[in-house]
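Student: Here's my sequence, what's the structure:
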Amino acid sequence: PTADSTRLRYLIDLLIRNSKPVMFIGSSGTGKTLLSTDYLHNLCTTSNGYQYVNINMNYYTDSLSLQLQLEQNIDKRSGKTYGPPNGKLIYFIDDLNLPLVEKYGTQTPIALIRQHIDYGSWFDRTDMGLKKFIIDCQYVACMNHKSGSFEIDPRLQRHFVTFACILPNEADLMT
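Tutor: Prediction:
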């Protein structure tokens with residue numbers, strides 16, 4: 001591990017344990033995904049009560065397909081409240097900025113994530129009168145700033161603690 005990856009690992013641990021969303025931004029090959037998945041895997045195996053789900057976005061990801069993926073790992077708790085069966089669930093979303101930007105500048109999967117973070121809920125797709133309150137879930141996301149839409153909705157990004165990931169320099173590779 002490099003000094004940068006050690007720093008980022010410490011910070012992600014601090015933020016995840018305090019239920020804060022985390023985002024890594026960097027070009028291809030900087031280790032964003034590896035750092036995140038390695039940390040989440042170790043967290044889930046060493047800390048009781050955490051689990052994570054890997055969700056990869058692409059150009060064709062829409063809000064319906066994302067919602068179906070998000071709902072696969074949560075159960076009904078009571079009334080309109082839903083959450084993971086045991087402990088806390090961390091959604092790891094890779095390539096957050098890749099979904100199609102629609103005619104009016106929105107990316108529907110990003111709007112769904114923002115709705116969940118802002119309001120703690122989303123609506124059921126079959127019964128639009130049912131508002132599902134989703135608890136004990138948080139997000140870790142990665143995006144490549146050189147591909148996809150280059151940026152995401154600032155109303156979503158404001159919720160994330162954002163870190164830039166850079167390529168290691170020659171000295172880091174030699175140690």
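
Student: What segments of the protein are strands?
Tutor: 22-25, 50-56, 75-78, 81-83, 88-94, 121-123, 131-134, 137-143, 161-164 (DSSP state E).

Student: Would you mind saying which of the ones you listed lies nearest residue 3?
Tutor: With CB to CB as the measure, strand 161-164 is the member of those nearest residue 3 (14.0 Å). Heads up, the C-betas are built off the backbone N, CA and C, glycines and all.

Student: Give me the sheet partners of that closest one and which way each runs.
Tutor: According to DSSP bridges, strand 161-164 forms sheet pairs with strand 22-25 (parallel).

Student: What average pLDDT does the partner strand get?
Tutor: For strand 22-25, the mean pLDDT works out to 94.

Student: Report the distance from that strand to the chain centre.
Tutor: 8 Å (CA atoms, centre = their mean, to the nearest Å).

Student: Other residues contacting it?
Tutor: 8, 11-12, 15-16, 32, 35-36, 96, 139-145, 157, 160-165 (CB atoms under 8 Å, 6 or more residues apart in numbering).

Student: try 6 Å
Tutor: 12, 15, 32, 140-143, 145, 160-165 (CB atoms under 6 Å, 6 or more residues apart in numbering).

Student: How about stretch 89-97?
Tutor: Counting by CB under 6 Å, 6+ apart, 33, 36, 40, 51-57, 73, 137-143, 148-149, 152 sit against stretch 89-97.

Student: And the buried ones among those residues, selectable in PyMOL?
Tutor: Command for PyMOL that selects the buried part of the contacts of stretch 89-97, burial taken from 16 or more other CB atoms under 10 Å:
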select buried, resi 33+36+40+52+53+54+55+57+137+138+139+140+141+142+143+148+149+152
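
Student: Alright, I will stop here.
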